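> kindly return the folded structure for what I paste below:
(chains A and B)
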2 protein chains.
Amino acid sequence: MEKEKVTLPKFDTEKYLKEGDAIYAQRAEVEKVADKISKDGYSNIFLLGIGGTWAEFAPIKYAIEKYSDVDVYLVNAAELNVLKHRKLTKDSIVITASASGDTKEIVEAVKWIVADGIQVMAFTKSTGPLGQVAQTVIEANVTTGMCEYSYLLFNLLALRLLYNRGDFPDYELFADQMKGIFKNLVDIREQFDPKAEEIAKKYYSEPYNIWVGSGALWGETYLFSMCILEEMQWVRTKSVTSPEFFHGTLELVEKDVPVFLVKGEDECRALDTRVETFCKKITDNLIVFDTAEYALDGIDDKFRALVSPLIATSLLTERLAAHYETYTKHNLNYRRYYRQFEY
Amino acid sequence: MEKEKVTLPKFDTEKYLKEGDAIYAQRAEVEKVADKISKDGYSNIFLLGIGGTWAEFAPIKYAIEKYSDVDVYLVNAAELNVLKHRKLTKDSIVITASASGDTKEIVEAVKWIVADGIQVMAFTKSTGPLGQVAQTVIEANVTTGMCEYSYLLFNLLALRLLYNRGDFPDYELFADQMKGIFKNLVDIREQFDPKAEEIAKKYYSEPYNIWVGSGALWGETYLFSMCILEEMQWVRTKSVTSPEFFHGTLELVEKDVPVFLVKGEDECRALDTRVETFCKKITDNLIVFDTAEYALDGIDDKFRALVSPLIATSLLTERLAAHYETYTKHNLNYRRYYRQFEY
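Below is the predicted model:
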C-alpha cells in the first residue's frame, strides 16, 4: 500500500527537497575548500558566531572534540571584538556564517581578523558585507530548512577537515549517506507534525518554559528557546543544559510548569535521562523530544549523534515553530526591536 | 567626624572580618601549593566545577586567559564524567572546589581523574569525600562570605601560577593589597545595603526577571540568578551575557519587565553599556549594579577587574539575597528537591 501523501502546513516539501539536492550538490565545493584549508595548514579552528550561528556551531565543536585532538574554540563575535583571543593567530582558521550576510558583530570581527592576516571561511552571500570581507565564501541559495542545510554544510566542512587529519576515516561513507538525509527529514516532519500541533496548542501561552538539552543537541535546544521562542514568539524561556539543570533550575519545576527536554543520542544521553526521571516525579507537563525515536533510512547508527541536530531542528525550529505561530498569531518574521533601530 | 556604625541585617561584620583575616593568612599555604604545582610542571589547567563552583571559576578562567597563553578549560563535572576530555592528561593540573565536600558529580569526576594519575587540587574539607580523594587540599573553615573567600583563594592560586610562568609579574603587589579587601567589602555592603533593600522590596515577587552580565562578572551574574534566585528563592529568571542579549532575549523586554544588569570594569564594559542604553529606552525597570561605583581603598585600579567579582558577590549573593529572603519569607537554606532524595 502506498503511503498516504501528507500535507504539512507552512511547508513546501517539493521545494525543500529540491533545495536539499542543491545543498548536497555543493559537497564537492565544500570538500575543495576543506582540502585547500588542510593543504595550507592551520594550528587551530575558531568557530565564530553569535546568537543562532553560535548555536549552530555548538554541535560542530562537539563533533570536532569527539573525533580529534585539534584545538577548537567556539566564540561569540561581540565578545571576541572586545576581549580578543590569544590563540587566534595567523595560523588559525576561522569558520563563520551569516545567512543575512550582515550580522553586525560578525562583520566587525571578520574585518579585523582578515586585516590581521588570518584566513576566514564564511557560509554567506558572496555579495553581502560578510561575503565581501571573508577570503573564502560558500554560498547557499536556499529559503527553506535553513538550519538543516547549515548543519549539513558545517558538518561536511568540519568532518572533511578531520578526515584530512586522519581523525575521521568514515568521512566518505558519512558524506555519501547524507545524500538521503533530507528525504528522511521530511518523513520525520510528517511523523512528528500532529504531535507538534498538540504541543503548540497546549503550551503556546505558558508564562514560563524550561528547556533542557545536552551534548550535540545543546546548541539546537538553546537556538529554539532563544531564536524562536524568545526572539520570534516573545515567549519567556529558561534554557539550561541537562548537567546544570540539577544545580538551580530543578527547584523551579512544579506540577504545572512545562519542562521541554530535548533528548539526544550521544554520551550525554544519561544526563538527559536523569532530568527525565526527576521531572516525571514532579511535573505533569514534561515534554520529551527524543531524536532516537526517529528512523533514519540509509544512515548508519554510528552517525546518529552527528545527525541528531538535524532531526531536532526539523522537529523544533521547523514544525513546532510553525504551530506556535499559528496559535500565538505572532508572525515569526516580526521583531519589535532586533534590527529595527540603532542600539 | 567618626563614621556612624552601621548594622547590617543578617550579617556579622566582626566575624566576617575575623574569618577574612584567617583566609588571608592562608596566602602562604596557597602560594606553597601553587609553587609545588609550578615546580612539578603542567601542560594545561582544568577548572572543574558544577553549578555554583563552575560559576566561581568563570572569572578565574577570564583572568588566566587575560594574562597568559596557558591552555585553560572550564568544565562541568557531570558533562566531563560522560564526555571525558582529550586534553585532560597526566600532564594536566585540575583545580576544583566543594564547600560541602560531597558534591556528587565532582566527587565522581575526581575519583576517575585521580585513578588516571592526574593531579587534583581541591578547595574543600580535608575530611569530606572530595578531600579524601584529591591529592592536594586547601581547607577554609569559614561560615560567612563564602563566595568572596573562594574568589580570593582561587585568585591567589591562579595568579601565583601565572606569576611563576612570568605572566603576572604584579602578583606580590596584588596579593599584598588583598590584605585590605574584606574591610573594603564591608564598606561596600554598608553603602549598598539600603539600595539592596529597596530593590528586593520592589521586585521580590516578579514573575520573570532578566539578568545580564559579561566578562569577569558573567560567572557571578549566573551564580546569583541560578544559585540564589532559582535554587534558594524559587524565583524565575533568565540570565544571558551582554553580547548574547541582543540575539533573542532583547525582544522580551517591556515597560514593566525588570532587567538586572551587572555592569563590570573589564574589556566587556562596552557590551554592558550597550545593554543599558537599549534597556533605558524600553523598560522602566532597569536595575544596574555597577562595580565601578565602589571605591577600593589601598587597591590599585589595574586590579579592579580581578576584584570586581568580589564586589559583585558582596552586593548580590550577600546583601540582595538577604533582603530577598526577608520579603519572600523563603528560607535561603530550604530546598524542596536538591539533595532531598535520589534522582
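> how many neighbours does A:Ala94 have?
Residue A:94: Val, not Ala. Residues within reach of A:Val94, counting by other C-beta atoms under 10 Å in any protein chain shown, total 25. Glycine gets a C-beta too; all of them are placed from N, C-alpha and C.
> that one should be in a strand, yeah?
Yes: according to DSSP: H, G, I helix; E, B strand; the rest coil, A:Val94 belongs to a strand.
> and it, how far is that from A:Tyr171?
Look at A:Val94 and A:Tyr171: by C-beta to C-beta, to the nearest Å, they are 22 Å apart.
> with A:Val72 instead?
In terms of C-beta to C-beta, A:Val72 sits 17 Å off from A:Tyr171.
> repeat for A:His323
Distance from A:His323 to A:Tyr171, by C-beta to C-beta: 36 Å.
> comparing these two, which residue is more hemmed in?
Neighbour totals were compared for A:His323 and A:Tyr171, and A:His323 leads with 21 against 18 (other C-beta under 10 Å).
> A helix includes that one, no?
Yes: counting by three-state DSSP, A:His323 is part of a helix.
> can you tell me which residues contact it?
Residues near A:His323 by C-beta atoms under 8 Å, 6 or more residues apart in numbering or on different chains: A:9, A:196-197, A:199-201.
> what do you get for A:Arg236?
Here A:Arg236 is in contact with A:207-209, A:230, B:208, B:236, B:238, B:252 (criterion: C-beta under 8 Å, 6+ apart).
> now do whichever strand or helix holds A:Lys66: which elements does it pack against?
Using DSSP states H and E, A:Lys66 sits in helix A:52-67. Applying 3 or more C-beta pairs under 8 Å, 6 or more residues apart in numbering or on different chains; DSSP states H and E, one finds that helix A:52-67 makes contact with strand A:44-49, strand A:71-76, strand A:92-98, helix A:146-165, helix A:218-223, helix A:304-313.
> let's go with 6 Å and repeat that
Here helix A:52-67 touches strand A:44-49, strand A:71-76, helix A:146-165, helix A:218-223, going by 3 or more C-beta pairs under 6 Å, 6 or more residues apart in numbering or on different chains; DSSP states H and E.
> once you drop chain neighbours, what's closest to the most centrally placed residue in chain A?
With distances taken as C-alpha atoms, centre = their mean, A:Glu56 lies nearest the centre of chain A, 3.3 Å away. In this structure, A:Glu56 finds its nearest non-sequential neighbour in A:Ser150, 5.2 Å apart by C-beta to C-beta, 6 or more residues apart in numbering or on different chains.
> what's the local residue count around that neighbour?
Neighbours of A:Ser150 using other C-beta under 10 Å come to 24.
> with A:Val235 instead?
Neighbours around A:Val235, by other C-beta under 10 Å: 22.
> same check on the one 3 residues further on?
Around A:Lys238 sit 23 other residues, with neighbours defined as other C-beta under 10 Å.
> what of A:Val33?
20.
> quick check: mean pLDDT across the helix or strand hosting it?
Using DSSP H and E, A:Val33 sits in helix A:27-40. Helix A:27-40 carries an average pLDDT of 98.
> what does stretch A:175-184 give?
97.
> buried sites along it?
By neighbour count on 16 or more other C-beta atoms under 10 Å in any protein chain shown, the buried set for stretch A:175-184 is A:175, A:177-178, A:181-184.
> which residues are contacting stretch A:156-170?
A:30-31, A:34, A:38, A:60, A:64, A:67-68, A:171 (C-beta atoms under 6 Å, 6 or more residues apart in numbering or on different chains).
> PyMOL command for the buried members of those residues?
The PyMOL selection below is limited to those of those classed as buried (16+ other C-beta under 10 Å):
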select buried, chain A and resi 30+31+34+38+60+64+67+68+171
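> redo the contacts of stretch A:156-170 as TSV? Include distance to B:Lys302.
Below are the contacts of stretch A:156-170 laid out as TSV (distance: C-beta to C-beta, whole Å):
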residue	distance to B:Lys302
A:Val30	47
A:Glu31	49
A:Ala34	44
A:Ser38	43
A:Ile60	38
A:Ile64	37
A:Tyr67	42
A:Ser68	39
A:Tyr171	49
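> ok, of the contacts of stretch A:156-170, which one's closest to chain B?
A:Ser68 (7.9 Å; C-beta to the nearest C-beta).
> which residue sits closest to the closest one, ignoring its sequence neighbours?
In this structure, A:Ser68 finds its nearest non-sequential neighbour in A:Asp167, 4.0 Å apart by C-beta to C-beta, 6+ apart.
> may I have the phi/psi pair for the one you found?
Main-chain dihedrals, A:Asp167, degrees, to the nearest 10: phi -90, psi -20.
> show me the contacts for A:Tyr73.
By C-beta under 6 Å, 6+ apart, the neighbours of A:Tyr73 are A:Phe46.
> my read is that A:Ala77 contacts A:Ile50, right?
Yes: counting by C-beta atoms under 6 Å, A:Ala77 does reach A:Ile50; the two are 4.4 Å apart.
> give me the common contacts of these two.
Common neighbours of A:Ala77 and A:Ile50 (C-beta under 6 Å, 6+ apart) are A:Glu105.
> do stretch A:262-276 and chain B meet?
Yes: using C-beta under 6 Å from any C-beta of the partner chain, stretch A:262-276 reaches chain B at A:267-268, A:270-271.
> now what about that stretch, what contacts it?
Against stretch A:262-276 from outside (C-beta under 6 Å, 6+ apart): A:212-217, A:221, A:242-243, A:245, A:261, A:288-292, A:304-305, A:308, A:312, B:78, B:82-83.
> just the buried ones among those residues, please.
Buried residues within those, counting neighbours by 16+ other C-beta under 10 Å: A:212-217, A:221, A:242-243, A:245, A:261, A:288-291, A:304-305, A:308, A:312, B:78, B:82-83.
> spell out which parts of chain A neighbour chain B.
Residues of chain A lying near chain B (C-beta under 6 Å from any C-beta): A:50-51, A:69, A:76, A:78-79, A:82-83, A:86, A:208, A:226-227, A:230-231, A:234, A:236, A:238, A:243, A:247-252, A:267-268, A:270-271, A:278, A:337, A:343.
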